[in-house]
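Peer 1: Model the following, please.
(one chain, ligands or ions: 1)
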Amino acid sequence: MNAICDDITTLSVDAIVNAANASLMGGGGVDGAIHRAAGPRLLHECRLLGGCKTGEAKLTGGHGLPARFIVHTVGPVWHGGGDGEDELLASCYRKSCELASAQPAIRTLAFPCISTGIYGFPFERAARIAIRECAAHTDRLITTFCCFSERDRNVYSQLLEEHGRRVAD
Ligand code: ADP
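Peer 2: Numbering: from 1, shown residues only. You can find the predicted model right below:
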């Protein structure tokens, strides 16, 4: 697992994860950027999937992206933490890892910081969940956390270091 600061739509990995909304028809933030970069064939493929529930994940092709696949997952909207948000976010990471692991052509996978933009999930709390779940569910995969600012990447770098020390103990 590693953390970088980049535009996830430019990454040459086997699969990127999209922080989608339940309609899977595109939206703002990273979702909009992915749809713009992948082109209209992505929307066409998504239309056939019948949406996606919060905490679930669905796979499409990458179309115009350098990445061959996109894992679409729907993160929870933050309502203060008493609404099962932690478990739903954990489920996004777990289900995305499982879906990617089941596809033999996927060896490298990049995640955006799901739910931490428009959906308002506290950043460090989300990052701890992301690292814990990816550590537990990505045996075969090389996972990158693709942050959109240096500040966010620093949070991940520090938490990954802590995680590495715990695993080594
Ligand atoms: P959500 O609705 O799940 O909160 P957002 O797209 O609003 O999704 O934000 C999720 C995260 O994606 C935020 O940390 C935001 O900074 C980041 N982000 C936005 N655009 C990109 C991009 N092109 N590449 C990588 N991360 C991005």
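
Peer 1: in the protein, which spans are helices?
Peer 2: For the chain, applying DSSP state H gives helices covering 29-38, 40-47, 85-101, 123-137, 150-168.

Peer 1: List the buried residues in the longest one.
Peer 2: Neighbour-count burial for helix 150-168 flags 152, 153, 155, 156, 157, 159, 160, 163 (criterion: 16 or more other C-beta atoms under 10 Å). (Each C-beta comes from the backbone N, C-alpha and C, glycine too.)

Peer 1: Could you check the angle that helix makes with helix 123-137?
Peer 2: 40 degrees (axes from the mean of the first three to the mean of the last three C-alpha atoms, to 10 degrees).

Peer 1: How about the shortest one?
Peer 2: What separates the directions of helix 40-47 and helix 123-137 is an angle of 80 degrees, with the same axes, to 10 degrees.

Peer 1: The ligand versus residue 65, what's the distance?
Peer 2: 11 Å (C-beta to the nearest ligand atom, to the nearest Å).

Peer 1: Kindly state the pLDDT recorded for that residue?
Peer 2: At residue 65, the pLDDT value in this model is 98.

Peer 1: same question, residue 46
Peer 2: pLDDT, residue 46: 97.

Peer 1: Chain neighbours aside, what residue packs nearest to it?
Peer 2: Among residues not flanking residue 46 along the chain, residue 24 sits closest, at 4.3 Å (C-beta to C-beta, 6 or more residues apart in numbering).

Peer 1: Give me the nearest residue to the residue nearest to the spatial centre of the chain, chain neighbours excluded.
Peer 2: The centre of the chain sits closest to residue 111, judged by C-alpha atoms, centre = their mean, with a distance of 3.4 Å. Nearest in space to residue 111, with sequence neighbours left out and distances taken as C-beta to C-beta, 6+ apart, is residue 17 at 4.6 Å.
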